[in-house]
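Undergrad: Could you look at this predicted model? Sequence included:
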Amino acid sequence: MTARQRKSRSIAAAALFTLATILPGNSLSAGTSSLHPGPMSRADAYARAAALIELGRKLFFDPGLSASGKQACSSCHDPRHAFGPASEAPVEMGGPHLDQPGLRAVPSLRYIQAVPAFNEHFHDSDDEGDESVDNGPTGGLTWDGRVDHGVDQAKIPLLSPFEMANKDAGAISVNLRKAAYASEFRAAFGDAVFDHPDDALEAAAEALGTLEQGSADFYPYSSRYDAFLAGKATLSAQEMHGLDLFEDEAKGNCASCHLSRRANDGEPPQFTDFGLIGVSVPRNPAIAANADPKYFDLGLCGPLRTDFKGRAEYCGLFRTPSLRNVALRKSFFHNGTFHTLRDAVAFYATRDTDPAHWYPKNADGTVRVNDDLPRAYWGNLNQDPPFGKKPGDKPALTDAEIDDIVVFLGTLTDADQVGGTQAAK
């Protein structure tokens, strides 16, 4: 078992245990402010959590929380697409007039309850691991891991100028006061909550975060692969071969970052190790910001994340997403540069052996490899198999093997998503 596999096993188990133990407690029952009612019994804490989940659901589907009055959380995180985007656009449009393009592809909100807080230096505490090994930056939400909790993540689109575009907490408070569920909001957070805009923002974020962390809609673990692991379903010969290739360290080696087996305590695999990694997908000219040749999205070292600005060893690193429901996506990677799952898998297999297929050419015919990452940071790129080969080498995967992995990834689609069934109403 590799260090990354051990890391993902221990983190996934710990994160799920933490969620189960704190959801109805700490953040919902601590303190005595208008937002938090103070210590309460376990039964009352669970009841409060359930109430916040239902309140969060109303916020999630309310376009009135945006400056445009037309964009809800669900507009970009569509429950019919596993709480990811429905469109194939690399970024979504937002702002007061829905004419401001985003900077990154919208991630799915499913399974974020398992993501641990960001840690710059992860040391494996698994019994099989070597705690002296620093596995590097791990965890955190968003593509660059810049927030740790759903509550903090929920604030980002509410205030982002190219998303829901509220100019400040006061604007959010005004919108909440006008909402059909305003009385429920007051009942949960106090009659004076709208008189204190910062409290109103915190309360809205708490309701949304509780929904994303506590509602089973966001973590059903109902895919055919989950049923297969439970001995309740079978995979076809092609799917089984795809799984073998997915896990083979000399072939796809996908499971080194996208854990595919249950943790030692039986928890379902998250299909991510929560690490941040550099793979150097091609620059996407469809992103408006990329029209400026001096602009680079460098992930962990900026520009959206600012605390690691200037940390060259972190430039070009983005969080490894879960592959659950990946077959539903219509754009892939942080910049949405690919629009088919097959291309995403094939890129891994042939990034280094056939760079001309993926990267643009210069005027003299040479290939502009790693065109979305300045050369100074190329040393940060992952070189584990299937990477690390040279142009013209035989790739680790054949075309047929790539197809088999893609077919296997289709087994990771949750049951409510098969046939377009809506997950939450």
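TA: Yep, it's here.
Undergrad: For the rest of this, base every contact and every neighbour count on C-alpha atoms.
TA: OK.
Undergrad: Below-threshold pLDDT in the stretch 301-425 of the chain: ranges please.
TA: Along the stretch 301-425 of the chain, the parts satisfying pLDDT under 70 run over 420-425.
Undergrad: which residues of the chain fall in helices?
TA: 3-22, 26-29, 42-60, 73-76, 150-159, 169-178, 182-189, 197-214, 224-229, 237-247, 341-350, 399-409 (DSSP state H).
Undergrad: Quick one: those helices as a markdown table, columns for mean neighbour count and distance to residue 289 too.
TA: A markdown table is the format used below for those (neighbours: other C-alpha atoms under 10 Å; distance: least, C-alpha to C-alpha, whole Å):
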| stretch | mean neighbour count | distance to residue 289 |
| --- | --- | --- |
| helix 3-22 | 19 | 33 |
| helix 26-29 | 18 | 38 |
| helix 42-60 | 19 | 28 |
| helix 73-76 | 20 | 20 |
| helix 150-159 | 20 | 18 |
| helix 169-178 | 19 | 27 |
| helix 182-189 | 18 | 38 |
| helix 197-214 | 24 | 28 |
| helix 224-229 | 18 | 39 |
| helix 237-247 | 19 | 34 |
| helix 341-350 | 21 | 22 |
| helix 399-409 | 20 | 31 |
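Undergrad: how about CSV for these, with distance to residue 260 added?
TA: Converted to CSV, the helices of the chain look like this (distance: least, C-alpha to C-alpha, whole Å):
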stretch, distance to residue 260
helix 3-22, 9
helix 26-29, 32
helix 42-60, 30
helix 73-76, 27
helix 150-159, 24
helix 169-178, 41
helix 182-189, 40
helix 197-214, 22
helix 224-229, 9
helix 237-247, 8
helix 341-350, 16
helix 399-409, 11
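Undergrad: Least reliable of those helices by average pLDDT, please.
TA: The minimum mean pLDDT among those belongs to helix 26-29 (a mean of 35).
Undergrad: quick revisit: indicate which one of the helices of the chain is closest to residue 306.
TA: Nearest to residue 306 among the helices of the chain is helix 150-159 (14.3 Å), distances taken as C-alpha to C-alpha.
Undergrad: Quick one: distance of that closest one to the chain centre.
TA: Distance of helix 150-159 from the chain centroid (C-alpha atoms, centre = their mean, to the nearest Å) equals 14 Å.
Undergrad: Mind listing residues that contact it?
TA: 65-66, 73, 112-113, 141-142, 147, 163-168, 172, 201-202, 205-210, 212-213 (C-alpha atoms under 8 Å, 6 or more residues apart in numbering).
Undergrad: Would you mind getting the angle between that helix and helix 169-178?
TA: 100 degrees (axes from the mean of the first three to the mean of the last three C-alpha atoms, to 10 degrees).
Undergrad: what angle do helix 150-159 and helix 42-60 make?
TA: Using the same axes, to 10 degrees: helix 150-159 against helix 42-60 is 20 degrees.
Undergrad: So which bits of stretch 360-378 are buried?
TA: 360, 367, 368, 369, 370, 371, 372, 373, 377, 378 (16 or more other C-alpha atoms under 10 Å).
Undergrad: what about the helices of the chain, which gets the closest to residue 258?
TA: helix 3-22 (8.1 Å).
Undergrad: Can you give me every residue that contacts residue 242?
TA: 401, 402, 403, 404, 405, 406, 407, 408.
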